[in-house]
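Colleague: Kindly return the folded structure for what I paste below:
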Amino acid sequence: MSTLLHHRGLTSGNSDREAFDQSYTEDSSTNGFVVDPTNPTGVSRSHKNLFLFLLKVALALVVILALVSSLYWTVGFSTSSHDIIFRGYRRLQEQLVDDLSEIGELYLGDSRFKEVEFCPPEFENYVPCYYNVSENLELRDFDGLFEYERRCGKGMPNNQRCLVLPPKNYRIPLRWPTGRDFIWKENVKIKRHEFSSGSLTKRMMVEEEQISFKSDSFMVDGVEDYSHQIAEMIGLRNESNFNEAGIRTVLDIGCGFGSFGAHLFSKELLTMCIAKYEASGSQVQITLERGLPAMIGSFSSKQLPFPSLSFDMLHCARCGIDWEKNDGIFLFEIDRLLRPGGYFIWTSPTNTQRSLRDKGNQKKWLFIHEFAESLCWDLMSQQDETVMWKKTATKKCYSSRKSGPSVCDKSNDLESSLYQPLNPCIGGSKSQRWIPIEFRTTWPFQASLNSSELDVYGLHPVDFVEDGLKWNAAVHNYWTLLSPLIFSDHPKRPGDEDPSPPFNMVRNVLDMNARFGGFNAALLEAGKSVWVMNVVPLVGPSYLPLILDRGFIGVQHDWCEAFPTYPRTYDMVHAEGLLSVEGHQHHRCSVLDIFLEIDRILRPEGWVIFRDSASLIEAARSVATQVKWDTRVVELDGNNDEKLLFSQKLFFRRQ
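Modeller: You can find the predicted model right below:
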């Protein structure tokens with residue numbers, strides 16, 4: 001292990017690792033850090049009281065000094081700008097936090113921040129907020145379990161404060177693109193019956209140690225022929241022309257193991273897989289293990305965490321959803337997520353002429369057909385099991401209907417919803433983003449929005465350009481600092497054989513505070529073969545519609561809750577300003593809680609990059625030590641207000 005860490009170029013901030021203390025108490029600081037209230041150093045209560053008294057005196061002196069200094073600045077520099085004075089106050093406050101933190105660490109020693117212990121073996125596939133083994137340890141037979149909705153609210157079990165270890169025989173995933181077609185069998189939780197070739201959407205070949213998707217037959221004639229069929233139904237020559245029709249982003253519902261999205265990825269389409277939580281044989285877990293976009297999500301009673309008009313195509317191939325149920329409520333959600341002129345592809349054995357001889361299937365098909373027409377969808381084509389509809393590109397259709405579902409009013413037509421109840425009305429029609437897909441700028445030029453498009457979000461083109469330049473420079477700096485450790489700059493891991501090109505040690509990135517998606521855009525401009533899950537925190541301004549309109553993928557999320565994914569699903573986690581944004585949430589969750597969630601979803605040997613104020617980064621370094629990350633803090637040239645925190649999650653094996 002020490003040899004491996006030496007090659008990584010990072011050294012731990014705490015070499016003397018101590019035992020975990022089960023007792024935690026919320027710190028009263030605004031950063032929300034968790035500290036240990038015990039007294040392992042043996043200091044007497046009277047000495048502690050004396051120390052606290054001295055701290056109060058020191059704090060009073062510093063405050064008095066600040067007031068005197070500010071008065072001096074006010075008198076001596078009355079012509080100075082307010083910005084300079086504000087920065088002076090800010091730096092003084094941050095210096096005060098640093099000084100008091102250093103005094104406290106000197107007094108209490110390293111034992112103030114106890115390392116977190118490892119979870120029991122039952123937690124290796126733990127997904128908080130869902131009904132699973134960690135919350136129901138007494139249940140051992142999962143064959144009869146049915147889907148439960150995401151529940152993170154009051155009365156549900158809290159996230160376990162422990163580090164989730166990988167399975168005993170876990171191995172680092174293969175590099176991209178090899179890892180797209182071959183995964184290690186022991187890395188995923190899947191039962192033997194899932195390897196059966198009976199399911200066309202979950203067909204794969206099992207070798208001694210690997211699962212191969214080279215022969216994955218999405219349909220009888222294979223995924224390539226199936227994609228070609230869909231292109232022809234649209235009126236295109238083949239799937240390479242999807243972009244010409246304005247198709248860039250696809251939502252794949254119940255994606256099997258992601259082979260449809262894997263094929264479209266090679267055609268520069270970005271496909272997001274969503275599937276319900278599964279105790280075993282997870283579609284989402286395996287799709288992410290292949291390095292493809294996926295997250296847990298289901299059509300139940302809540303909207304998916306995407307704004308209206310988010311995707312150019314929605315795809316469902318034997319996804320198991322009864323579209324006729326609940327008066328077509330799920331079709332309302334499809335319509336809400338589709339952009340004007342977008343396509344809904346539904347492939348099901350019940351759509352064949354032979355199946356429609358059954359009266360029950362006839363009744364279902366008639367309802368869906370008439371309901372789609374009332375939503376102003378045009379039936380484009382039907383071939384074998386596959387049916388294609390096209391959403392209307394004009395709003396006039398809604399007013400010209402003689403009957404049908406109503407259009408949502410403003411109170412029910414939210415631009416960015418987070419797990420809101422499903423609405424039985426047509427959403428998105430009042431949005432300024434109502435632009436037919438065929439009129440949108442095609443990829444990759446759509447990533448650079450023009451001035452009229454930016455006006456929709458209230459952004460000035462200069463601010464947008466400056467944000468892009470900032471992230472281009474940041475990505476270059478990241479590579480300079482981390483090379484030759486990650487990405488295609490130096491693909492060889494110590495002890496590995498030379499890989500065949502193209503190679504990539506990082507396939508996916510979770511950006512926890514994506515803002516305009518600038519980090520995503522900079523990675524693509526730098527030629528990095530990665531995809532980014534852009535996350536917009538619930539507590540800040542939401543530019544998620546802008547991110548999606550740029551041709552990227554992303555969701556809105558509350559970081560005081562668990563992210564809807566399985567453990568070990570991201571190669572890198574990045575966040576700029578997240579600690580500042582989440583600072584007022586300390587009454588709900590601590591920085592330790594957030595770091596534990598990052599550790600859960602980060603792969604072993606994965607990377608964490610945080611950029612924030614200097615004082616918050618210094619404080620976060622101690623929390624990173626608690627979760628056993630190798631960490632270093634990097635100064636930014638010419639910027640005394642911010643610092644970078646680089647961390648790597650170590651590969652701990654279960655003994």
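Colleague: CA atoms for contacts and neighbours, from now on please.
Modeller: Fine.
Colleague: Can you tell me how far residue 358 is from residue 367?
Modeller: 15 Å (Cα to Cα, to the nearest Å).
Colleague: Give me the more crowded residue out of those two.
Modeller: Per other Cα atoms under 10 Å, whichever of residue 358 and residue 367 has more neighbours is residue 367, with 17 against 11.
Colleague: I figured that one was touching residue 326, is that so?
Modeller: No: using Cα atoms under 8 Å, residue 367 makes no contact with residue 326, being 11.6 Å away.
Colleague: Which elements pack onto the helix or strand containing residue 315?
Modeller: Taking DSSP states H and E as the criterion, residue 315 maps to strand 311-317. With contacts taken as 3 or more Cα pairs under 8 Å, 6 or more residues apart in numbering; DSSP states H and E, strand 311-317 sits against strand 249-253, strand 338-347.
Colleague: what's the angle between the last one and strand 311-317?
Modeller: Using axes from the mean of the first three to the mean of the last three Cα atoms, to 10 degrees, the direction of strand 338-347 lies 20 degrees away from that of strand 311-317.
Colleague: What strands line up against strand 338-347, and which way round?
Modeller: Looking at strand 338-347 with DSSP bridges, its partner strands are strand 311-317 (parallel), strand 386-391 (antiparallel).
Colleague: who wins for proximity to residue 631 among the ones you listed?
Modeller: strand 311-317 (38.3 Å; Cα to Cα).
Colleague: how far does the closest one sit from the chain's center?
Modeller: 20 Å (Cα atoms, centre = their mean, to the nearest Å).
Colleague: so where is the stretch 351-500 of the chain shaky, pLDDT-wise?
Modeller: 416-417, 483-500 (pLDDT under 70).
Colleague: Is residue 421 bridged to anything, and to what?
Modeller: Residues in beta-bridge contact with residue 421 (DSSP bridges): residue 302.
Colleague: residue contacts, it?
Modeller: 301, 302, 303 (Cα atoms under 8 Å, 6 or more residues apart in numbering).
Colleague: cool, and residue 353?
Modeller: residue 384 are the contacts of residue 353 under Cα under 8 Å, 6+ apart.
Colleague: Could you check how far residue 187 is from residue 173?
Modeller: 8 Å.
Colleague: between those two, what contacts are shared?
Modeller: By Cα under 8 Å, 6+ apart, no residue touches both residue 187 and residue 173.
Colleague: Just the CA atoms of stretch 254-267, as CSV, please.
Modeller: Extracted C-alpha coordinates of stretch 254-267, given in CSV (Å, rounded to 0.1, in the frame of the first residue of the first chain):
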residue,chain,number,x,y,z
GLY,A,254,-35.3,0.6,-17.8
CYS,A,255,-32.1,0.3,-19.8
GLY,A,256,-31.2,-3.3,-19.2
PHE,A,257,-27.4,-3.1,-18.9
GLY,A,258,-26.9,0.0,-20.9
SER,A,259,-26.0,-1.5,-24.3
PHE,A,260,-28.4,0.9,-26.2
GLY,A,261,-26.7,3.9,-24.6
ALA,A,262,-23.2,2.4,-25.2
HIS,A,263,-23.9,2.2,-28.9
LEU,A,264,-25.3,5.7,-29.1
PHE,A,265,-22.3,7.0,-27.1
SER,A,266,-20.1,6.1,-30.1
LYS,A,267,-22.4,8.3,-32.3
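Colleague: List the buried residues in that stretch.
Modeller: For stretch 254-267, the neighbour count (16 or more other Cα atoms under 10 Å) marks 254, 255, 256, 257, 258, 259, 260, 261, 262, 263, 264 as buried.
Colleague: Please apply the same query to stretch 299-313.
Modeller: For stretch 299-313, by 16+ other Cα under 10 Å, it's 299-300, 302-313.
Colleague: Over to stretch 226-246?
Modeller: Buried residues in stretch 226-246 (16+ other Cα under 10 Å): 226-231, 233-234, 236, 238-243, 245-246.
Colleague: what does stretch 609-617 give?
Modeller: Residues of stretch 609-617 classed as buried by neighbour count (16+ other Cα under 10 Å): 609, 610, 611, 612, 613, 614, 615, 616, 617.
Colleague: now stretch 514-531
Modeller: Neighbour-count burial for stretch 514-531 [16+ other Cα under 10 Å]: 514-524, 528-531.
Colleague: Identify the farthest-apart pair in these.
Modeller: 515 and 529, at 21.2 Å, using Cα to Cα across the buried residues of stretch 514-531.
Colleague: For burial, what's the neighbour tally of the residue nearest to residue 447 when sequence neighbours are not counted?
Modeller: Leaving aside its chain neighbours, residue 447 sits nearest to residue 550 (4.2 Å; criterion: Cα to Cα, 6 or more residues apart in numbering). Neighbours of residue 550 under the rule other Cα under 10 Å: 23.
Colleague: My guess is residue 550 contacts residue 448. True?
Modeller: Yes: assessed by Cα under 8 Å, residue 550 is found in contact with residue 448 at 6.9 Å.
Colleague: thinking again about what came up before, filter the buried residues of stretch 226-246 down to the ones in helices?
Modeller: 226, 227, 228, 229, 230, 231, 233, 234 (DSSP state H).
Colleague: As JSON lines, the residues you listed with pLDDT and distance to residue 150 would be great.
Modeller: Converted to JSON lines, those look like this (pLDDT from 0 to 100; distance: Cα to Cα, whole Å):
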{"residue": "226", "pLDDT": "91", "distance to residue 150": "33"}
{"residue": "227", "pLDDT": "93", "distance to residue 150": "32"}
{"residue": "228", "pLDDT": "93", "distance to residue 150": "36"}
{"residue": "229", "pLDDT": "94", "distance to residue 150": "35"}
{"residue": "230", "pLDDT": "96", "distance to residue 150": "33"}
{"residue": "231", "pLDDT": "96", "distance to residue 150": "35"}
{"residue": "233", "pLDDT": "96", "distance to residue 150": "36"}
{"residue": "234", "pLDDT": "95", "distance to residue 150": "36"}
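Colleague: Mind picking the one among the residues you listed that's closest to residue 557?
Modeller: residue 227 (32.0 Å).
Colleague: Which of the contacts of residue 421 scores worst on pLDDT?
Modeller: Ranked by pLDDT, these bottom out at residue 301, which has 85.
Colleague: Dihedrals phi and psi, that residue?
Modeller: Backbone torsions of residue 301, given as degrees, to the nearest 10, read phi -120, psi 0.
Colleague: and the gap between it and residue 284?
Modeller: 20 Å.
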